[in-house]
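Asks: any chance you could fold what I've pasted below:
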Amino acid sequence: MNATTQKQDLSYFQLRLQELLNQSYPELAKDTLFITARSESALEAYTNAITSKYTHLEASHIANEVLFSNLPFSKMDLIFNIVCEEFNRDIKDEELRGFAEKMYPVTLPVFNQYQLDKDFEDNEMYDALYTELTGTIQLWLDESLLIK
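Replies: As a prediction, this is how the structure comes out:
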């Protein structure tokens, strides 16, 4: 693999990771050291797989496993899910993502009360967190309507 190809492949992995972080992990989206390190590891895994005669598809799968491994529970995904499920009557479809992004900093204190890990959705406390976040968002909406 020449230097130009390697740089393009690294950029590809960086872009893939950046897209996921922007969407689901805003707290990691500006962590350039994390993004670079993870992308370089994915490129190395991909290159090693190709050298070991894996197909492009198999090598890509191996690289993606490295690229996306051990990411924490996504707070943003949960907020977006709550906004879509619980507030879709109050918020236009095209505004759901923006509203969820607006609610992210509002809900962080609620998240801080829970021990979150990547498997938190399977935890018995998930329902309690979901309910508490829904209430926090509803209170914010009620208060913002009073201010208007």
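
Asks: tell me the centre residue of the chain?
Replies: residue 24 (2.1 Å; C-alpha atoms, centre = their mean).

Asks: how many residues are close by the closest residue in space to that one that isn't next to it in sequence?
Replies: Spatial nearest neighbour of residue 24, excluding adjacent residues (C-beta to C-beta, 6 or more residues apart in numbering): residue 74 at 4.3 Å. Placement of C-beta: from N, CA and C, glycine included. Neighbour count for residue 74, taken as other C-beta atoms under 10 Å: 21.

Asks: hmm, residue 28 and residue 74 touching each other?
Replies: No. Applying C-beta atoms under 8 Å as the test, residue 74 and residue 28 come out as separate, 10.0 Å apart.

Asks: can you list the weak-confidence ranges in this structure?
Replies: Residues of the chain meeting the criterion pLDDT under 70: 1-10, 146-148.

Asks: which residue ranges of it form helices?
Replies: With DSSP state H, the ranges of helices along the chain come out as 3-24, 32-51, 56-68, 75-86, 96-111, 126-147.

Asks: packing partners for the fourth one?
Replies: Right, helix 75-86. Under the contact criterion of 3 or more C-beta pairs under 8 Å, 6 or more residues apart in numbering; DSSP states H and E, helix 75-86 touches helix 3-24, helix 96-111, helix 126-147.
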